[in-house]
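Asker: return a 3D structure for these sequence lines:
(4 chains)
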2 protein chains.
Amino acid sequence: MSPKPTLQTVADAVGVSRSTVSNAYSRPDQLSPELRRRIHDAARQLGYPGPDPTARSLRRGRVGSIGVLFTSALSYAFTDPYAVQFLRGVAETAERYASNLLLVPISEADEEAAVRAVHNASVDGFCVYCVPAWHGALAATRSRGLPVVAAERPAEVTPDAMYVGIDESAAARAVGEHVARLGHRRIAVVSDFLVAERRTGPVALDGPTAIRYDVTRERLRGFLAGLSGAGVGWSDLLLVNASANSRTEGAYAAAYALDRSDPPTAVLAVTDLLALGVLDAVTARGLRPGRDVSVTGFDDIPEAAAAALTTVRQPAVEKGRIAGGLLLDPPDDGSARQVLLPTELVRRASTGPVEGN
Amino acid sequence: MSPKPTLQTVADAVGVSRSTVSNAYSRPDQLSPELRRRIHDAARQLGYPGPDPTARSLRRGRVGSIGVLFTSALSYAFTDPYAVQFLRGVAETAERYASNLLLVPISEADEEAAVRAVHNASVDGFCVYCVPAWHGALAATRSRGLPVVAAERPAEVTPDAMYVGIDESAAARAVGEHVARLGHRRIAVVSDFLVAERRTGPVALDGPTAIRYDVTRERLRGFLAGLSGAGVGWSDLLLVNASANSRTEGAYAAAYALDRSDPPTAVLAVTDLLALGVLDAVTARGLRPGRDVSVTGFDDIPEAAAAALTTVRQPAVEKGRIAGGLLLDPPDDGSARQVLLPTELVRRASTGPVEGN
DNA sequence: GAAGGGTTCTGGATCGATACAGAAGGAGGG
DNA sequence: CCCTCCTTCTGTATCGATCCAGAACCCTTC
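Answerer: Numbering: from 1, shown residues only, chains lettered A, B, ... in the order given. Predicted coordinates for the structure are as follows:
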């Protein structure tokens, strides 16, 4: 048995041309059933596993997989149910187009390695999820000359860029208004990416503009807009940065707010995962969510309903599906390549009116 | 600007040979710094993104990515923290070898599509996770002639197969013994894959042998072995199948046991995720875990500690790391390709002695 | 000044397939 | 009986890179 059977090996065995064997696999209607059968038989007998995917990709100019870029360690990427839902959406579309997902982990520490990873990825396009705008890997995806779709609306929208996102600040504004209407004035915000440093603890910022990460900035801007009607200004907010988007860090971050001498009556978290952590911290202190402290999240992951968390619902799976669709079958109409999905404020028991303390 | 710059484009622009440009990227020490700079400058100016990954893969004979096969929808795959940890381990090793992960979703419904997906995957090897032994995709991976590593010890061990697993039945046996020693005799088992059908509810089986899925079978065999010393036999066990490995299905499945007229005093779940669901069901009924009902899990995911769940610890991340290592750098020593990792019974508050009812 | 040893660069062969134009052969129509 | 059309198969060019043997050149060294 020769080391690696190729199309040619099979062709020689059957006594036909290489092209014919290729057709037997890729275009079955181009040859007689009888011959096709003989070819497949010979292939089986020779242990030929079918056309080599790499060679086929090179020739065809299509790889059959889309690259998904993640910041932060893979662990966090999959820890957020929101991310998992989004990914599921992408995978659903991918499956329809017979494509696989290539995970490209982008470490924040080693940007050079990240850029290399992007350059080495055999893909038909990139889906960028939660990668800060300034990360070199982002530019690298563009330099590949492949379709790129962002999972959020970028800060500055170029006409040819593809994205599927939501109006972050409008959605967050609804949260702010809701909380303000309930009478809350002493308010803390728990968020990751407030500062470049990966540290959990309170931070001071001059304003939302100081936040580099787009999504975070827009959500805080929205919170502020919603609260300002009630006279709550930026300097009134207690900002606590979380070193990661995880439940435990959410709880740690909440501690900085809850354990003060003048604790806030409401804590706005920038994701549900963080909010769940905040709830943990609240209950761990014997406080009642929605009565002693109001808590809000963002995303409406499945767990949010169970925890009675007031949050912003955004269609995560749908977002993923659309992102996949944009990549694998970009619409001709340029404007259809920029998708904004609707959001909805979901009021649950984790928020309530300020107690008359 | 020509449509797609290649190595040749750059070579022509600089006035050197194609090989030299290639070296500028892949073997920088093979040419003078001066020339290398000129080449990179020209490349940048022409918008050449570097060597095409697909073409490079074809020539090099190495793709730089490893395929991870999943059964069930992607959603479930990522929902189990155990799976995420395992994946993280694989990703860690992959990163060390400059490889990416290619997710190959294997639907159980459409086996033909699954086999096609395996044949089309450009990878250097396959990591098979939680795929039933009889699934055609498994055979497909082998036919590719690439290294394949299973994340569990297969039922029948062939000498050349690679795997990293645990002694499932021995680990489960420790659970059985622990529960028996606490005096439990009325015992329910909550598990997925007890039967081929995807349905949550009680099932009757002649014995462990009737279970087709290896891991499940071995764990149940272990439970039984641990319990048999106390006189508990197969027919004494109440088996409840879960339609999926998820927390909610765990809770639904538990209901079938807890709501009987003669409820079990102990519920053994085959994964922590299911066990968490069982605990949900227990507390939802106002019962106290470890007092009114003992509950055990399997895997020791992070949440297990928080829930005080008695379970079997297995090193998930380490398992992933080793799996990756076997794929990307297979040891010459054949016996080193079959790895069994240690497990440990972790006793927590979710199990306790039978109440003197 | 010829031999030996580096360094730097070149050219052709090659990886394993697919695309496409065209050849061979048989069927049907006028 | 010739011409056209269709089906079935072939051959060559090509996808975009890397490998490797060797050419060209400069430096030592005896």
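Asker: which residues does the residue of the stretch 151-300 of chain A found nearest DNA strand D contact?
Answerer: When scored by CB to the nearest atom of the strand, the stretch 151-300 of chain A has A:Asp160 as its residue closest to DNA strand D, at 21.6 Å. In short, each C-beta sits where N, CA and C put it, glycine included. Contacts for A:Asp160 were tallied using CB atoms under 8 Å, 6 or more residues apart in numbering or on different chains; they are A:Gly334, A:Arg337.
Asker: just the element for it, please.
Answerer: Using DSSP states H and E, A:Asp160 falls within no helix or strand.
Asker: please apply the same query to the one 5 residues further on.
Answerer: In this structure, A:Gly165 sits in strand A:162-166 according to DSSP H and E.
Asker: which pLDDT value belongs to the residue of the stretch 151-300 of chain A closest to DNA strand D?
Answerer: Note on A:Asp160: pLDDT of 85.
Asker: backbone dihedrals for it, please?
Answerer: The phi and psi values for A:Asp160, taken as degrees, to the nearest 10, are phi -90, psi -10.
Asker: so it versus A:Ser335, what's the distance?
Answerer: Per CB to CB, to the nearest Å, A:Asp160 is found 11 Å from A:Ser335.
Asker: likewise for A:Ala204?
Answerer: 41 Å.
Asker: how about the strands in chain A?
Answerer: With DSSP state E, the ranges of strands along chain A come out as A:65-70, A:100-105, A:126-129, A:148-150, A:162-166, A:187-192, A:201-203, A:238-242, A:266-269, A:294-296, A:311-313, A:338-341, A:344-346.
Asker: need the ones you listed in a markdown table with distance to chain B and mean neighbour count, can you?
Answerer: Below are the strands of chain A laid out as a markdown table (distance: least, CB to the nearest CB, whole Å; neighbours: other CB atoms under 10 Å in any protein chain shown):
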| stretch | distance to chain B | mean neighbour count |
| --- | --- | --- |
| strand A:65-70 | 6 | 27 |
| strand A:100-105 | 4 | 24 |
| strand A:126-129 | 12 | 26 |
| strand A:148-150 | 13 | 24 |
| strand A:162-166 | 18 | 23 |
| strand A:187-192 | 19 | 26 |
| strand A:201-203 | 23 | 15 |
| strand A:238-242 | 17 | 24 |
| strand A:266-269 | 19 | 31 |
| strand A:294-296 | 19 | 30 |
| strand A:311-313 | 18 | 23 |
| strand A:338-341 | 19 | 16 |
| strand A:344-346 | 19 | 15 |
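Asker: what does stretch A:287-297 contact?
Answerer: By CB under 8 Å, 6+ apart, stretch A:287-297 touches A:175, A:178-179, A:182, A:184, A:258, A:263-269, A:271-276, A:278-279, A:282-283, A:304, A:308-312, A:349-352, A:355.
Asker: give me the neighbour count for the closest residue to A:Thr93 other than its chain neighbours.
Answerer: In this structure, A:Thr93 finds its nearest non-sequential neighbour in A:Gly324, 2.8 Å apart by CB to CB, 6 or more residues apart in numbering or on different chains. Using other CB atoms under 10 Å in any protein chain shown, A:Gly324 is surrounded by 28 other residues.
Asker: tell me which residues touch A:Gly324, please.
Answerer: Residues near A:Gly324 by CB under 8 Å, 6+ apart: A:Ile66, A:Gly89, A:Val90, A:Ala91, A:Glu92, A:Thr93, A:Ala94, A:Tyr97, A:Cys127.
Asker: which of the residues you listed count as buried?
Answerer: Neighbour counting by 16 or more other CB atoms under 10 Å in any protein chain shown classes A:Ile66, A:Gly89, A:Val90, A:Ala91, A:Glu92, A:Thr93, A:Ala94, A:Cys127 among these as buried.
Asker: just put those residues in CSV and tack on distance to B:Glu156 and pLDDT.
Answerer: What follows is the buried ones among the contacts of A:Gly324, written out as CSV (distance: CB to CB, whole Å; pLDDT from 0 to 100):
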residue, distance to B:Glu156, pLDDT
A:Ile66, 37, 95
A:Gly89, 38, 92
A:Val90, 37, 92
A:Ala91, 32, 89
A:Glu92, 35, 89
A:Thr93, 38, 92
A:Ala94, 34, 91
A:Cys127, 40, 96
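Asker: and which of those is nearest to A:Ala251?
Answerer: If you rank the buried ones among the contacts of A:Gly324 by distance to A:Ala251 using CB to CB, A:Gly89 comes first, at 28.8 Å.
Asker: how far away is the closest one from A:Val317?
Answerer: A:Gly89 is 4 Å from A:Val317, by CB to CB.
Asker: ok, now A:Gly250?
Answerer: Distance of A:Gly250 to A:Val317, computed by CB to CB: 23 Å.
Asker: quick one, which of these two is more surrounded?
Answerer: For A:Gly250 versus A:Val317, neighbours defined as other CB under 10 Å are more numerous around A:Gly250 (33 against 17).
Asker: tell me who's in contact with the residue nearest to A:Gln338 when sequence neighbours are not counted.
Answerer: Closest residue in space to A:Gln338, ignoring its immediate chain neighbours: A:Tyr163 at 5.8 Å, by CB to CB, 6+ apart. A:Tyr163 makes contact with A:Val149, A:Ala150, A:Ala151, A:Glu152, A:Arg153, A:Pro154, A:Val157, A:Arg337, A:Gln338, A:Val339, according to CB under 8 Å, 6+ apart.
Asker: quick check, nearest of those residues to B:Thr200?
Answerer: A:Ala151 (33.4 Å).
Asker: convert the C-alpha atoms of the strand holding A:Gly165 to PDB, please.
Answerer: What follows is strand A:162-166, C-alpha atoms only, in PDB (Å, rounded to 0.1, in the frame of the first residue of the first chain):
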ATOM      1  CA  MET A 162     -20.500  44.800   7.700                       C
ATOM      2  CA  TYR A 163     -21.900  44.500  11.200                       C
ATOM      3  CA  VAL A 164     -24.900  43.200  13.100                       C
ATOM      4  CA  GLY A 165     -25.500  44.900  16.400                       C
ATOM      5  CA  ILE A 166     -27.900  46.800  18.500                       C
END
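Asker: contacts for stretch A:239-254?
Answerer: Contacts of stretch A:239-254 (CB under 8 Å, 6+ apart): A:72, A:76, A:79-80, A:188-195, A:197-205, A:256-257, A:267, A:269, A:271, A:273-278, A:280-282, A:284.
Asker: any idea how far DNA strand C is from A:Leu258?
Answerer: As for A:Leu258, its distance to DNA strand C is 62 Å (criterion: CB to the nearest atom of the strand, to the nearest Å).
Asker: pLDDT score assigned to the closest residue in space to A:Gln30 that isn't next to it in sequence?
Answerer: Nearest residue to A:Gln30, sequence neighbours excluded (CB to CB, 6+ apart): A:Asn23, at 4.4 Å. Listed pLDDT for A:Asn23 reads 95.
Asker: wait, A:Asn23 sits on A:Leu35?
Answerer: No: look at A:Asn23 against A:Leu35 with CB atoms under 8 Å: they stay out of range, at 9.6 Å.
Asker: and the residue nearest the centre of chain A?
Answerer: A:Tyr129 (4.0 Å; CA atoms, centre = their mean).
Asker: which residues does that residue bridge with?
Answerer: Taking DSSP bridges as the rule, A:Tyr129 bridges to A:Phe70.
Asker: pLDDT weak spots in the stretch 251-357 of chain A?
Answerer: A:356-357 (pLDDT under 70).
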